[in-house]
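A.B. asks: sequence and predicted structure below; questions after.
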Amino acid sequence: MAQAMVLTDADIKRVLSIIAVGNHAQRNRIAFLLSVQAGMRVGEIAALRVADVVNVNGTVLREIRLTASQTKGNKGRVVFLSDKLQREISTYIMSLPRCADDFPLIYSQRNYRHFSNVSLSMLFKSLFAQAGLRNSSHAGRRTFATKLNAKGVGMRTIQKLMGHSNIQTTALYCDVTDEQMRNAVGLV
């Protein structure tokens with residue numbers, strides 16, 4: 001199976017513009033941003049509940065503590081959120097029709113239940129297709145890792161942020177551009 005492509009900044013803007021004019025724009029925006037800006041897997045995004053991202057005061061948490069049942073490989077992990085992503089989630093939370101702790105963060109409009117991994121993957125694939133991109137739901141996660149690598153974040157840190165057991169898996173996620181190689185050689 002081919003690897004998902006890394007999204008460029010222009011690709012991300014195109015997907016976000018497609019999301020903005022489509023149905024369920026706020027929900028789809030948060031799902032996409034959790035993938036691109038926090039490196040979350042589709043299954044992890046689908047499993048999120050409001051209580052996973054909001055504390056008792058109603059403030060969006062800086063860290064999402066995923067339980068073993070919410071992650072791949074039955075190993076819990078921590079997902080760190082940027083200030084920007086926290087603000088995006090906060091705006092989204094305020095728009096939810098109901099906000100009980102066990103309510104799904106990303107939910108189906110038909111039955112107000114969690115998306116399945118397959119349904120959320122299909123949604124991402126549809127959004128990419130509408131943006132003229134042929135890509136999979138893993139593109140956001142791969143983009144997250146590659147962007148961190150390009151900014152000089154160490155591979156071990158990226159491994160932890162991705163929730164990988166093996167650093168070799170993390171290395172496969174990180175594309176290296178010609179520009180990065182030019183800059184690296186310039187350091188010698």
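C.D. replies: Yes, it's here.
A.B. asks: for the rest of this, base every contact and every neighbour count on C-alpha atoms.
C.D. replies: Will do.
A.B. asks: what about the helices in the chain?
C.D. replies: 9-21, 25-38, 42-47, 50-53, 83-95, 117-130, 139-150, 155-162, 167-173, 178-186 (DSSP state H).
A.B. asks: how is the protein carved up into domains?
C.D. replies: Using automatic domain parsing, the domain parsing of the chain gives 9-137, 141-186.
A.B. asks: possible to save the ones you listed as JSON lines with distance to Gln3?
C.D. replies: Output for the domains of the chain, formatted as JSON lines (distance: least, C-alpha to C-alpha, whole Å):
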{"stretch": "domain 9-137", "distance to Gln3": "9"}
{"stretch": "domain 141-186", "distance to Gln3": "8"}
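A.B. asks: can you put those in a markdown table and add mean pLDDT?
C.D. replies: Shown next, in a markdown table, are the domains of the chain (pLDDT from 0 to 100):
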| stretch | mean pLDDT |
| --- | --- |
| domain 9-137 | 93 |
| domain 141-186 | 91 |
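A.B. asks: can I get those in TSV including mean neighbour count?
C.D. replies: Shown next, in TSV, are the domains of the chain (neighbours: other C-alpha atoms under 10 Å):
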stretch	mean neighbour count
domain 9-137	17
domain 141-186	16
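A.B. asks: before we move on, back to that, between the helices of the chain, which gets nearest to Asn74?
C.D. replies: Set against Asn74 and scored by C-alpha to C-alpha, those come closest in helix 42-47, at 11.3 Å.
A.B. asks: ok, residues contacting the closest one?
C.D. replies: With contacts defined as C-alpha atoms under 8 Å, 6 or more residues apart in numbering, helix 42-47 is touched by 31, 34-35, 66, 70-72, 104-107, 114-117, 120-121, 137-138.
A.B. asks: same thing but 7 Å
C.D. replies: 31, 70-71, 106, 114-117, 120-121, 137 (C-alpha atoms under 7 Å, 6 or more residues apart in numbering).
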